[in-house]
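Novice: predicted model and sequence below, questions to follow.
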2 protein chains.
Amino acid sequence: MADDKSSAEDRLIARHFKPLATHPGALGLFDDAAFIKPPAGCDLVLQADALVGGVHFFPDDPAHLIAAKALRTNLSDLAAKGAAPLGFLLSLALPKALGDDWLGDFAKGLRGDIEAYGCPLFGGDTTRTPGPAMISVSMFGSVPEGTMVRREGAKAGDLVFVTATIGDAALGLFVRNGEAQWPLDAAQRQHLLSRYLLPQPRNALAEAVRTHASAAMDVSDGLVGDLTKLCRVSQVAADIDAALIPHSDAAKAVIAADPAARETALTGGDDYEILCTVPPAKADNFRAAAQAANVPVTRIGVIAAGEGVRFLDAQGRPLAFRQASFSHF
Amino acid sequence: MADDKSSAEDRLIARHFKPLATHPGALGLFDDAAFIKPPAGCDLVLQADALVGGVHFFPDDPAHLIAAKALRTNLSDLAAKGAAPLGFLLSLALPKALGDDWLGDFAKGLRGDIEAYGCPLFGGDTTRTPGPAMISVSMFGSVPEGTMVRREGAKAGDLVFVTATIGDAALGLFVRNGEAQWPLDAAQRQHLLSRYLLPQPRNALAEAVRTHASAAMDVSDGLVGDLTKLCRVSQVAADIDAALIPHSDAAKAVIAADPAARETALTGGDDYEILCTVPPAKADNFRAAAQAANVPVTRIGVIAAGEGVRFLDAQGRPLAFRQASFSHF
């Protein structure tokens, strides 16, 4: 007689993850695979991003925030592509030290964002690792056929926009590391810290980006480097007025006290804001759509013919950066 | 002036992975996401499986075999669901010790199976880890709408089939570990070892499974435990004639010399064969389709009403197993 009890792995999945698999095609996670009928007339948009403990988050960060960050880094990519989220697959490798309480808190973090962004769990894989936790999310969304917004497509004369504020998360990492010697009040420290811990993906703007932007990407590896990538693929240049780049009050206070921190803010990454280019004729409608979506957008410069990305200070002098963007390699 | 050079990460992707992204919707991996128009009238089948160094493979296994195993464990799930592969996303976390040569060999392994199985790379994520390598694959395939074969659906009277042979990989792991004291010749040792290192997913049988099977899954955690899972979800029992379970000559030699090894063969996992149930009226057509697909299939028992999975030996005595299947938790 074979053992008819569920395996510990099955029980773990039933306890923590089954409640997150609300789409009927997920089959309650009782099967090897899930299925979905993509919306008629739509392309499926596919994207994956992984977080590694000690690299993308601190192992002692609260588990529900790690879960939210894992989803939101992916949601941010879909937003910048103009796509509506459909769901995700989750591969989880966990060290033994992370037990049932940690998983319960992790699942709670997933559940909050699954509901907030309408993006249920479809399946995945759970395994042990002798190394740090790794959380690998593959997310899929949809756009009307042929309308995914690409990095390619920016044209000379298009206006360059970013959402919300730039640099908070990169400065927040210094706060999290206890390395920040900046004169910040408690609210400012908390603002920068929370922007590092919990991205705010701009999915509310996805429709406006899809309708109006000629090119877009999310800012995850630093504004300077990411704009450089967009311009390279679009085979254009950009002139950015650094004074126009939106910073939070906290980031402004840091840069005022420590001008070198501006480079951190512009190249440090983890913003999860949308960078997009909009033809001038569409700019008013884009601004109006952003206002309706309650997402602040700011024009920071213009696309030009040629190649290269120039950031100019208030005196028109080019800013130099030691490293344009974060790279793991 | 911003740094206009590609980052090392972008160069790594361009060198090793761009040639694998042959679908136009992958945009040459130059974008944040990919897109695909699912075939008309089809459901998308979604599935993820990850491999961790030291858990699912030996860190000194050849990189091209690790790559092939990462794809094939996922291809095997699609095959058992009756789905045709469309493509995959790859999240790769690599320790510093694995350099450019390793990645080149890894990409070579991917390329071979991308071509063999018609399953191109659509995108993903590459990062460093202070821990062991982790290779997380999310794979998507297609089936005509509503036809994904599930674990649920087996009915009393259905015949239970498996493909090829069972237990080779679990015994091969003992060979790989140097723990095997069995009287095997070199060819037999090599057979078991290669079955552990390189799964042979039965995608050639997917169409036959979709057309004829009432329920199916791939055998990845051991035949006993996986059949138990299928029966539990289908709310049926099964009577298996252990003497009918197909074993390779190498596995037969092991079991003859060491009868206790039969339990390893039946519960040890890593088979990546298809387990399916077929209504008796469809059995002849299923066998013919399997023969046409050049995939051996063997009837090993029958589905019954009730619950529980019984493995009976040649004398009709029930076999007992200490642990029905492999579990990471």
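Specialist: Yes, it's here. Residues are numbered from 1 along each chain as shown, chains lettered A, B, ... in the order given.
Novice: can we go C-alpha only for contacts and neighbour counts from here?
Specialist: OK.
Novice: give me the spatial nearest neighbour of the residue of the stretch 101-250 of chain A found nearest chain B, chain neighbours excluded.
Specialist: Across the stretch 101-250 of chain A, the shortest distance to chain B (C-alpha to the nearest C-alpha) belongs to A:Gly131, at 4.2 Å. If the residues on either side of it in the chain are set aside, A:Gly131 comes closest to B:Gly131, at 4.2 Å by C-alpha to C-alpha, 6 or more residues apart in numbering or on different chains.
Novice: phi, psi for that neighbour please.
Specialist: For B:Gly131, the backbone dihedrals (degrees, to the nearest 10) come out as phi -100, psi -160.
Novice: if I look at it, what pLDDT would I see?
Specialist: Looking at B:Gly131, its pLDDT is 94.
Novice: apart from its chain neighbours, what residue comes closest to A:Asp226?
Specialist: Closest to A:Asp226 by C-alpha to C-alpha, 6+ apart is A:Val219, at 6.1 Å.
Novice: again, but for A:Lys282
Specialist: A:His212 (6.1 Å).
Novice: do A:Gly301 as well
Specialist: Spatial nearest neighbour of A:Gly301, chain neighbours left out: A:Ile240 (4.2 Å); criterion: C-alpha to C-alpha, 6+ apart.
Novice: give me the element that neighbour is part of.
Specialist: strand A:237-241 (DSSP states H and E).
Novice: ok, now A:Leu103?
Specialist: Per DSSP H and E, A:Leu103 falls inside helix A:100-117.
Novice: and what of A:Phe161?
Specialist: Applying DSSP H and E, one finds A:Phe161 within strand A:159-163.
Novice: now A:Asp284
Specialist: Counting by DSSP H and E, A:Asp284 is found in helix A:280-292.
Novice: quick one: that helix to chain centroid distance?
Specialist: Here the centre of helix A:280-292 is set off from its chain's centre by 22 Å, with C-alpha atoms, centre = their mean, to the nearest Å.
Novice: check which element follows that helix along the chain.
Specialist: strand A:297-304.
Novice: mean confidence for that next one?
Specialist: So the average pLDDT for strand A:297-304 ends up being 98.
Novice: so it versus strand A:159-163, what angle?
Specialist: Here the directions of strand A:297-304 and strand A:159-163 differ by 150 degrees (axes from the mean of the first three to the mean of the last three C-alpha atoms, to 10 degrees).
Novice: can you list the strands that strand A:297-304 pairs with?
Specialist: Under the criterion DSSP bridges, strand A:297-304 sits next to strand A:159-163 (antiparallel), strand A:237-241 (antiparallel) in its sheet.
Novice: just those: most buried one?
Specialist: Ranked by mean neighbour count under mean count of other C-alpha atoms under 10 Å in any protein chain shown, the strands paired with strand A:297-304 are led by strand A:159-163, which reaches a mean of 25.
Novice: so A:Asp60: helix, strand or coil?
Specialist: Here A:Asp60 is recorded as coil under DSSP: H, G, I helix; E, B strand; the rest coil.
Novice: burial count for it?
Specialist: 9 (other C-alpha atoms under 10 Å in any protein chain shown).
Novice: number of nearby residues for A:Pro183?
Specialist: 14.
Novice: let me see the contact set for the closest residue to A:Glu207 other than its chain neighbours.
Specialist: Spatial nearest neighbour of A:Glu207, excluding adjacent residues (C-alpha to C-alpha, 6+ apart): A:Gly82 at 5.7 Å. A:Gly82 makes contacts with A:Val143, A:Thr147, A:Met148, A:Val149, A:Leu205, A:Ala206, A:Glu207, A:Ala208, A:Val209, A:Arg210, as judged by C-alpha atoms under 8 Å, 6 or more residues apart in numbering or on different chains.
Novice: need the max-distance pair from these.
Specialist: A:Thr147 and A:Leu205 (15.0 Å; C-alpha to C-alpha).
Novice: between the two, which is the more surrounded one?
Specialist: For A:Thr147 and A:Leu205, the more surrounded residue by other C-alpha under 10 Å is A:Leu205, and the numbers stand at 25 against 16.
Novice: can you list the domains in chain A?
Specialist: A:8-144, A:159-312 (automatic domain parsing).
Novice: B:Asp185: which of those is closest?
Specialist: Closest approach to B:Asp185 among the domains of chain A is made by domain A:8-144 (34.6 Å; C-alpha to C-alpha).
Novice: what separates the closest one from the chain centre, distance-wise?
Specialist: Worked out by C-alpha atoms, centre = their mean, domain A:8-144 lies 14 Å from the chain centre.
Novice: end to end, how far does that domain reach?
Specialist: This stretch, domain A:8-144, spans 42 Å end to end (C-alpha to C-alpha, to the nearest Å).
Novice: stretch A:207-220 now?
Specialist: Start-to-end span of stretch A:207-220 (C-alpha to C-alpha) is 20 Å.
Novice: which outside residues touch it?
Specialist: Stretch A:207-220 is contacted by residues A:76-77, A:79-83, A:147-155, A:158, A:226, A:230, A:269-279, A:282-283, A:285-286, A:289-290, B:32 when judged by C-alpha under 8 Å, 6+ apart.
Novice: burial check on A:Ala50, number of neighbours?
Specialist: By the measure other C-alpha under 10 Å, the count of residues near A:Ala50 is 26.
Novice: before we move on, what about the one 3 residues further on?
Specialist: The local packing count at A:Gly53 equals 20, with neighbours defined by other C-alpha under 10 Å.
Novice: stretch A:71-81: which residues count as buried?
Specialist: Buried residues in stretch A:71-81, counted by 16 or more other C-alpha atoms under 10 Å in any protein chain shown: A:Leu71, A:Arg72, A:Thr73, A:Asn74, A:Leu75, A:Ser76, A:Asp77, A:Leu78, A:Ala79, A:Ala80, A:Lys81.
Novice: between the residues you listed, which is nearest B:Cys42?
Specialist: Nearest member of these to B:Cys42, counting by C-alpha to C-alpha, is A:Leu78, at 23.0 Å.
Novice: does the residue of the stretch 101-250 of chain A closest to chain B touch B:Leu94 like I think?
Specialist: No: using C-alpha atoms under 8 Å, A:Gly131 is not in contact with B:Leu94, being 11.5 Å away.
Novice: which neighbours do those two share?
Specialist: B:Gly131, B:Pro132.
Novice: picking that back up, average pLDDT for the strand holding A:Ile240?
Specialist: Averaged across strand A:237-241, pLDDT comes to 98.
Novice: quick one: contacts for A:Ala154?
Specialist: Here A:Ala154 is in contact with A:Ser214, A:Ala215, A:Leu230, A:Cys231, A:Ser234, A:Val236, A:Thr277, A:Val278, A:Ile303 (C-alpha under 8 Å, 6+ apart).
Novice: since we're on A:Val295, how many residues are nearby?
Specialist: Per other C-alpha under 10 Å, the neighbour tally for A:Val295 reads 15.
Novice: what do you get for A:Asp158?
Specialist: By other C-alpha under 10 Å, the residues close to A:Asp158 number 24.
Novice: with adjacent residues omitted, what lies nearest to it?
Specialist: Among residues not flanking A:Asp158 along the chain, A:Pro279 sits closest, at 4.3 Å (C-alpha to C-alpha, 6+ apart).
Novice: did I read that right, A:Thr22 in a strand?
Specialist: No: looking at A:Thr22 with three-state DSSP, it is coil, so not inside a strand.
Novice: now it: how far from A:Leu71?
Specialist: In terms of C-alpha to C-alpha, A:Thr22 sits 16 Å off from A:Leu71.
Novice: can you tell me the element A:Gly87 falls in?
Specialist: strand A:84-94.
Novice: actually A:Asp49, not the one I wrote
Specialist: strand A:42-52.
Novice: and what of A:Thr127?
Specialist: Using DSSP H and E, A:Thr127 sits in strand A:121-128.
Novice: give me the contacts around that strand.
Specialist: Contacts to strand A:121-128, defined as C-alpha under 8 Å, 6+ apart, come from residues A:9, A:20-23, A:25-26, A:29, A:33-34, A:87-96, A:114, B:46-50, B:55, B:328-329.
Novice: try it again at 6 Å.
Specialist: A:20-21, A:26, A:29, A:34, A:87-95, B:48-49, B:328 (C-alpha atoms under 6 Å, 6 or more residues apart in numbering or on different chains).
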